[in-house]
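Asker: Fold the stuff below for me.
(one chain, ligands or ions: 1)
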Amino acid sequence: MSVKGKVVIITGAAQGIGLACAERFVAEGASVVLADVNEELGERVSSELANNSEHVRFISCNVAERLDVRNLLALTMDAFGGIDVLINAARLVDDVPFLELSEEELEKIMNVNFKGVFLVSQAVAQRMVKQLDEGRAAGTIINLSSQNAQFGSADHVAYASSKGAVEQLTRSMAISLAPYGIRINAIGVGGVNISSMDYFARNQAEKENFIRSTPMGRLAEPSEIAATALFLAGDHASFITGETIFVDGGRRILNGVMEEEE
Ligand SMILES: NC(=O)c1ccc[n+]([C@@H]2O[C@H](COP(=O)([O-])OP(=O)(O)OC[C@H]3O[C@@H](n4cnc5c(N)ncnc54)[C@H](O)[C@@H]3O)[C@@H](O)[C@H]2O)c1
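Answerer: From the prediction side, this is the model:
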């Protein structure tokens, strides 16, 4: 399932799961373009990751802006001559109850988490289709989804809605692009052990409840999500498309129901 020599774009790659994916794909010999709105952090982590290698690039990119997306593609083509894998990891999260969620906040979250996935995926897929005529193998796209695509959420209404939309976009893109051999899948993430989980950082009791309602009794390591992305990007997943693979320690199949304490 080698991705050695493949060209990979990762959005939201300045930290968290996107960065873990960048680290794993670089370690596997891929050329990686890290894209993020956080220019300072993105530049820093990319130069650490590159360590003088020619196989890593960073671009400041707002996935919700068409022009930025066009520049992302142009930089990737200039640097590496093609695109084989796209990982959509950029995200924003709301943290207010439904009754207080403003229209502006809803639009902001949907623009990044849903429209951003659409804009980058469509531009990349158009390029991937063209590349087939140039003799390049079919590419693949991986969307970072969430258990919130399937559970309701009182405090993350816009986020959960955006992830539901991303799951449907994954299925629809998979059907549209299957004739070209281009596979589209999603990873349904549960809770991950990263510092950006501000919500958990502020709320230890919530974190303990979350872990208690996860059958495997812990959060995921970002590297476990990256390993799933690597599987989906590679040949071992050659007949998987339109799927969401849940990497959540069994939390979804328990339906988030908390175990009673003895
Ligand atoms: N961390 C978790 O527990 C968890 C749970 C479920 C799903 N997920 C999903 O996994 C993916 C990665 O999550 P994470 O925890 O690593 O997130 P994170 O918040 O740590 O990182 C997200 C990155 O996206 C970037 N970003 C935000 N807006 C952007 C924009 N407009 N354009 C480009 N980049 C932008 C941020 O700067 C940041 O670097 C997300 O899609 C998220 O929904 C994560």
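
Asker: just checking, Ala30 touches Ser2?
Answerer: No - look at Ala30 against Ser2 with C-beta atoms under 8 Å: they stay out of range, at 9.2 Å. (Glycine included, C-beta is placed from N, CA and C.)

Asker: More neighbours: which of these two?
Answerer: Ala30 (24 against 12; other C-beta atoms under 10 Å).

Asker: Could I get the contacting residues of the more buried one?
Answerer: Ala30 is in contact with Val3, Lys4, Gly5, Lys6, Val7, Val8, His55, Val85, counting by C-beta atoms under 8 Å, 6 or more residues apart in numbering.

Asker: In terms of helix, strand or coil, where does the first one fall?
Answerer: By that I understand Val3. Classification of Val3 by DSSP: H, G, I helix; E, B strand; the rest coil places it in coil.

Asker: Pull the residues that contact stretch 146-165.
Answerer: Stretch 146-165 has contacts (C-beta under 8 Å, 6+ apart) with 91-98, 101, 105-106, 108-110, 113-114, 145, 166-167, 186, 188-190, 244, 246, 248, 251-252, 255-256.

Asker: Over to stretch 238-253?
Answerer: Contacts of stretch 238-253 (C-beta under 8 Å, 6+ apart): 145, 147, 149-151, 167, 170-171, 174-175, 178, 183-191, 213-220, 224-225, 228, 232.

Asker: what is the mean pLDDT for stretch 7-27?
Answerer: In this model, stretch 7-27 carries a mean pLDDT of 97.

Asker: for that stretch, which positions count as buried?
Answerer: 7-26 (16 or more other C-beta atoms under 10 Å).

Asker: Where strands are concerned, which of these count?
Answerer: The strands, defined by DSSP state E, take in Val7, Val8, Ile9, Ile10, Thr11 from the buried residues of stretch 7-27.

Asker: give me the subset of the residues you listed touching the ligand.
Answerer: Contacts with the ligand within these, as defined by C-beta under 6 Å from any ligand atom: Thr11.
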